[in-house]
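**Q** the sequence and its predicted three-dimensional model are supplied below.
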Amino acid sequence: NFVECTAPILKSSMLLDPRFQPCLRAVRTGCFIDFCFHPAAGGATDVVAVIDAVQCHHPPRTADYPSEMRQVQDWLEHKNDDILFEQEGVPRDWW
């Protein structure tokens, strides 16, 4: 199962946290960054909440209605942010 992280709300101090800084430097497409929120916030049971009151669905993608992201970067290359996460030293078990 996977929960799409559409609108994270972060405590502003997290943006300056040295554990989270490598994640911010590594992210290009958004791939993997949502996995980093919990461990970067300390990994405790009360640091991340999932609000599932609203469901979101991706619009159907067809030749007439292509994905905007895929026009910039092919889906198979989208996950290549992993190289950047490795280069920044983000712990592998975070993403």
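**A** Received the coordinates, thanks.

**Q** low-scoring stretches of the protein, by residue?
**A** Counting by pLDDT under 70, the ranges of the chain that qualify are 1-6.

**Q** which residue of it sits farthest from its center?
**A** Relative to the centre of the chain, and counting by CA atoms, centre = their mean, the farthest-placed residue is Asp64 at 27.7 Å.

**Q** now the residue nearest to Val90 when sequence neighbours are not counted: which helix or strand?
**A** Leaving aside its sequence neighbours, Val90 sits nearest to Pro22 (CB to CB, 6 or more residues apart in numbering; 4.9 Å). No exception for glycine: its C-beta is placed from N, CA and C like everyone else's. Per DSSP states H and E, Pro22 falls inside helix 21-26.

**Q** list the contacts of the helix or strand that that helix is followed by.
**A** Counting by DSSP H and E, the next helix or strand C-terminal to helix 21-26 is helix 33-40. Residues outside helix 33-40 that contact it (CB atoms under 8 Å, 6 or more residues apart in numbering): 4-5, 8, 10, 14, 17, 19-20, 23-24, 27, 47-48, 90-91, 93-95.

**Q** show me which of the residues you listed are buried.
**A** For the contacts of helix 33-40, a burial check counting by 16 or more other CB atoms under 10 Å picks out Met14, Phe20, Cys23, Leu24, Val27, Val48, Val90, Trp94, Trp95.

**Q** need the nearest residue in space to the first one, chain neighbours excluded.
**A** This points to Met14. Excluding the flanking residues, the one nearest Met14 by CB to CB, 6+ apart is Phe20, at 5.4 Å.

**Q** same check on Asp81?
**A** Cys31 (4.6 Å).

**Q** my guess is that neighbour contacts Trp75. True?
**A** No - with contacts counted by CB atoms under 8 Å, Cys31 stays clear of Trp75, the gap being 10.1 Å.

**Q** more crowded one of those two?
**A** Legend: neighbour count by other CB atoms under 10 Å for Cys31 and Trp75, higher for Cys31 (18 against 11).
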